[in-house]
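>>> Need a 3D model of the sequence below.
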Amino acid sequence: MEPIRVCVKIKPTKEKGSTINTKTRIQNETLSLTTNEGIKEFVFDKILGPRSTNSDLYDICGRHVLENLFEGFNGCVFAYGLTGSGKTHSMLGADGASHCEKILDGLIPRIATNLFQRIAAEELKNNGKDSDEINGYLVTASYVEVFEGKVYDLLAAAQHRPRLNIIGGYECGVEAHAENAINEQVTTTPEVLDVIRRGSLQRRTASTMMNEHSSRSHAILTLTLEKRWRKKDTCGGEYESQCSRVLLLDLAGSERTIHAHGGHKDTAGCAVNLGLLALQQVAHALSERNSNNKHVPYRNSALTRLMSPALAGNSATWMLACIHEGDDERAKETLATLKFATTLGGLQTTHARAPITTTTIQDVMAGDEEDVEYGRRTCYIPTKHFGTLFARCAGDRTKPLLLYVHGSGPRNSSLEWNWLVHDILTTTKTTRKGFYHVAIDCPGYGRSEGRKQDIRSYAGAVLMDVVKALGKQHACALLGCSQGAAAVFNAVLEYPKICEYIAVYHPVGHDVKRYHNITQPTFLLFDTEDEGHPVKVGRRMQKYLQTPYYFEYASSKEEGWDSVLNARMTKEILKMFQTHGKIKEEEKIETADLTQLAGGLIAWSSTHNEEHYHYTLYNKGEEDTQTTQQLRKEREELFKDKQGIIKKQLTEHDNCNNDNSNNERENEENQQQQVVCDRCRSMFTTPPSRLQACRHLLCQMCARQCILYHRKCPLCQQPTATSDYNNIDYGITLTPQAPPSSPPTTTTTTT
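Coordinates of the predicted model:
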C-alpha cells in the first residue's frame, strides 16, 4: 500500500492595497493558519512557501512520480484549490506553458523534459554493445476536459468534438478512462507542449470577479509510457512489454457565486463545484470504508470516475493543495482546502507494478501474398480526428493520389472499388503512367473506427485527414459513388484545393446549386433507369458544374456501358486527365506516410464480414498452386461416384486445340453431365455459362462476379470474350453467398 501524499503550495499575494488577514507559518512541515477565528495547525508531507518556484515543486512531486513511472508504477498529480490560487500556473506555467521560460515552466513541462531525457539515457544504456537486450520506449498523450459533467476531447477539432463515454471501473476490473480519446505519439518536450497549447486553446475559461482567466472545466492530461524489450538472440516477433501512465490534472477552482459572479447564476461554476463536492464525498467514503465497508460513490461524477485509479487504485498519487494569503472570505475557502487535503492524506492506494506481458507480433502477411506486379495491399490509416481507417491500396505512394469513397449502404466498403482500381492498374501498366490508389472504409464502415455520420457531416475534414496521413497535400482526384459522391462534392466545397479532378458514378447530391463553385473537371455517370440515383439530379449537376464530363446510359438497352462499365469508365476518366493537362508522374512526398500494412493481395481481394461478395477479385496470386491441386484431388474423390463430371484438370485444357471436333463433343457431354460450378463447387440451380476461351463452366453468380466486373476467368486468368457476356442471364435474381469452406459431400443410401 502507498499513502496519498500532499504538498501545499502558498501563492504570494500581489494585490495592491490588499489587507492580509490570513497569515501562514511553516515549521517542520507543519502549517499554522492564523485567521480571525484563531490558529489552526496542519501537518503535510511537503509545504512550499510564497517564495518557492515550480522547480521546487518538480523536485518534490514530479521527480518522485517520474521515478515510479520508469519502475512500472502508475502516478498522478492533481492541483486543488480556490479559483485564482495558482493551480494552472503550478501545473502548466505562465500562459499555459506557451512561453517556455525556464523559471516559469510548470510541473507538466518539467516532467516531459526529464521524461525524454531519461528515455534517451535508458536506451543508450540498454542498447549498447555489452547489453544482451534490445529495448525501446513509446510515449503517447491524451488531453480531455470535464465540462458541466461531460467529458470532451481537447485534441479533437473544434467543429466536431463529440462527447466521450467513460468505460471501465472497479466493478469490471478495468481502469476507468475516456473511450475513443485521441492518443498522440510524442517524442519531444515541444510536442507535449504543442498538445497542451492546442488543448488549452479549446479549454473553457471565463473572466470572473476573482480571476481574469478562470478555468470552467477540469483538464486531465495523460502521459502513457510503454516499454518493450526482447533478448538479442530471440527469433521471431516475440517481445515483453510494460505499460505505465501518469495522470496530470488541473482542476477548476471552487468558488462562491456571490464573490465570483456577483450573485448571478453561472452554470459552469455550479458544475465545477458539484464535481469537487463529489470528489470530497469519495474521499470521505474512502476514509471510512475500512471501518464500516461504506459504498464509495465514484459514479456520482465524471471527474471522480476518471480519478478513481488515482484515489484508490494502482497509483502513486500527489495532491497539490494551492492556497494563498488573503482576506477573511478567502480564508474560509483556504481552510476548507486544507481540511480536504488532510482527509485525502490519510488515504492509501494499491502500489503495485504494472504487469509484464509477453506478446508475439502477428505477421500480417502470414498466409497472404505480396503483389509484386501492382502493389495491391491493405493498410490502416491513423487519422488525426477520426480514428484509424482501413483502406485497400495499390501502386506506388510517390505517384499522384486517387482517393476512393464508397456509398452509405450498411455492407458498403472499399471493396466495391476493386474493379475500377484493377482496370486502371492494367490500363496504365504499359503507358509508364501510374497512380497511388487508396480506397477507404469510411468511419464506422467495414473495418474502420468511428461513427458513420462523420463522412456525411464532416466529409471535408475526414478526407483531408486521410490525404495528410498519406503524406500528401492534395489528391489528384477524388472518386465517389452514391452517397460517397455527395461526400466528395461537400469536401471540395469545404476544401477547394483538396483535389484536381472529380469522378463520380451513380451519384447523389444535396443542394446542387452550390456546385457552381466547383472548378475541378468532373466526370459524371448516370444510369437513366436507376431510380435510387435519379438522372434528373445528374442533369442539374451538369448544368451547375463549371467543367462537367457527363455520361448517361440505359442499362437495359446499352450493353456497352453495363457489361463493360469499368473499361468505359476507365477510358473516359483517363481521357479527362489528358484533356486538362499533364499529370505529374511522381509527386514529392510532403510529410511522413502514416499507413500501417494490414495485409497483402489476398486481403485486398477478399471479403470481410458483411462486405458485398460480388466485388471480390480472384487471380493467380490468390491461391497457392500446391493447395489448389490438392483441393482438386479431394474434389475428384468426393465426386468419384458421378462419371464424367470432372474429367479434365486445368492443365489439360491447354491442349484443347489438338482435336477440335472431339473436344466440342466432349464439352457438350460435360456441359450436359456437369452439375457443379468449376469455381465455387456449388450445384447449378440456373443454366450455367461456359467461357469460350478456356471452356470453364461457371454458375450465374460466378459469371456475374468474374466476367461482368473483371473480364477474365477466375481459374486460369485467360481474358474473356465479348460473347461471354451474352451467356449471363440478367433476369435472374441472385443472392450473393460466399463459397462453401469445404466441398459438398455426397451421401449414398443402398437398399
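>>> okay, CA-based contacts and neighbour counts for the rest of this
Will do.
>>> ok, and what's touching stretch 177-194?
The contact list for stretch 177-194 (Cα atoms under 8 Å, 6 or more residues apart in numbering) reads 97-98, 109, 112-113, 116, 138-144, 151, 153, 155-156, 164-168, 306, 384-385, 387.
>>> Could you rerun that using 6 Å?
If you take Cα atoms under 6 Å, 6 or more residues apart in numbering as the criterion, stretch 177-194 is touched by 112-113, 139-142, 165-167, 306.
>>> Report the beta-bridge partners for residue 698.
Counting by DSSP bridges, residue 698 is bridged to residue 689.
>>> same check, this time on residue 219
Residue 219 has these beta-bridge partners by DSSP bridges: residue 145, residue 250.
>>> Phi and psi next, for the residue lying closest to residue 43 once chain neighbours are set aside.
Spatial nearest neighbour of residue 43, chain neighbours left out: residue 30 (4.5 Å); criterion: Cα to Cα, 6 or more residues apart in numbering. Here is the backbone geometry of residue 30 (degrees, to the nearest 10): phi -110, psi 130.
>>> on that earlier part again, list the ones among the contacts of stretch 177-194 that fall in helices.
Among the contacts of stretch 177-194, the residues falling in helices (DSSP state H) are 112-113, 306.
>>> And for residue 254, the neighbour number?
The local packing of residue 254 (other Cα atoms under 10 Å) involves 22 other residues.
>>> Can you tell me the closest non-neighbouring residue to it?
Spatial nearest neighbour of residue 254, chain neighbours left out: residue 82 (4.9 Å); criterion: Cα to Cα, 6+ apart.
>>> Let me know the pLDDT of the one you found.
Note for residue 82: predicted pLDDT of 84.
>>> picking up where we left off before, can you list the contacts of stretch 177-194 in CSV and add distance to residue 529, pLDDT and neighbour count?
Below are those laid out as CSV (distance: Cα to Cα, whole Å; pLDDT from 0 to 100; neighbours: other Cα atoms under 10 Å):
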residue, distance to residue 529, pLDDT, neighbour count
112, 62, 91, 22
113, 65, 90, 14
139, 56, 92, 22
140, 53, 92, 17
141, 53, 93, 22
142, 51, 92, 23
165, 45, 88, 14
166, 49, 88, 17
167, 49, 85, 15
306, 56, 91, 24
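>>> Which one of the residues you listed is nearest to residue 423?
residue 140 (41.3 Å; Cα to Cα).
>>> Could you pull up the contacting residues of the closest one?
Neighbouring residues of residue 140 by Cα under 6 Å, 6+ apart: 183-186, 223-224.
>>> which residues does the residue nearest to residue 43 bridge with?
Under the criterion used (DSSP bridges), residue 30 bridges to residue 27, residue 43.
>>> Pretty sure residue 46 is one of the things it touches, is it not?
No. Residue 30 is not in contact with residue 46 according to Cα atoms under 6 Å; the separation is 8.7 Å.
>>> Neighbour count: these two, which is higher?
For residue 30 versus residue 46, the count of surrounding residues by other Cα under 10 Å is larger for residue 46: 19 against 15.
>>> what's the nearest residue to that one if we skip its chain neighbours?
residue 7 (4.7 Å).
>>> And what about the one you found, helix, strand or coil?
strand (DSSP: H, G, I helix; E, B strand; the rest coil).
>>> show me the contacts for it.
46-47, 320.
>>> switch to 7 Å and redo it
Contacts for residue 7 (Cα atoms under 7 Å, 6 or more residues apart in numbering) come out as 44-47, 319-321.
>>> got the residue ranges for the helices in the stretch 501-650 of the chain?
535-544, 559-563, 565-579, 601-605, 625-638 (DSSP state H, counting those that start in this stretch).
>>> Could you do the stretch 251-400 of the chain as well?
In the stretch 251-400 of the chain, the segments counted as helices under DSSP H, counting those that start in this stretch are 257-260, 267-292, 302-312, 328-345.
>>> Is it possible to get the ones you listed out as a markdown table so that each row also shows distance to residue 365?
Shown next, in a markdown table, are the helices of the stretch 251-400 of the chain (distance: least, Cα to Cα, whole Å):
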| stretch | distance to residue 365 |
| --- | --- |
| helix 257-260 | 62 |
| helix 267-292 | 49 |
| helix 302-312 | 39 |
| helix 328-345 | 53 |
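>>> Go through the ones you listed and name the closest to residue 495.
For those, proximity to residue 495 was assessed by Cα to Cα; helix 267-292 is nearest, at 35.0 Å.
>>> Quick one: distance of the closest one to the chain centre.
Computed by Cα atoms, centre = their mean, to the nearest Å, the chain-centroid distance of helix 267-292 equals 35 Å.
>>> Pull out the buried residues from it.
268-287 (16 or more other Cα atoms under 10 Å).
>>> Give me the angle between that helix and helix 302-312.
For helix 267-292 against helix 302-312, the angle by axes from the mean of the first three to the mean of the last three Cα atoms, to 10 degrees is 40 degrees.
>>> Packing partners of helix 267-292?
Helix 267-292 sits against helix 302-312, helix 328-345, with contacts defined as 3 or more Cα pairs under 7 Å, 6 or more residues apart in numbering; DSSP states H and E.
>>> Same list, the ones you listed, but as TSV with distance to residue 542 please.
Below are the helices and strands packed on helix 267-292 laid out as TSV (distance: least, Cα to Cα, whole Å):
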stretch	distance to residue 542
helix 302-312	52
helix 328-345	68
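>>> right, so the ones you listed: which one is the most enclosed?
Greatest average neighbour count among those goes to helix 302-312 (a mean of 24), per mean count of other Cα atoms under 10 Å.
>>> so which of the helices of the stretch 251-400 of the chain comes closest to residue 376?
Using Cα to Cα, these put helix 302-312 closest to residue 376, at 43.3 Å.
>>> List of residues touching that closest one?
Contact with helix 302-312 is made by 76, 146, 149-150, 175-177, 275, 278-279, 298-299, 315, 317, 348-350, as judged by Cα under 7 Å, 6+ apart.
>>> of these, buried ones?
Listed as buried from the contacts of helix 302-312 are 76, 146, 149-150, 175-177, 275, 278-279, 298, 315, 317, 348-350; burial here means 16+ other Cα under 10 Å.
>>> I'm done for today, thanks for sticking with me.
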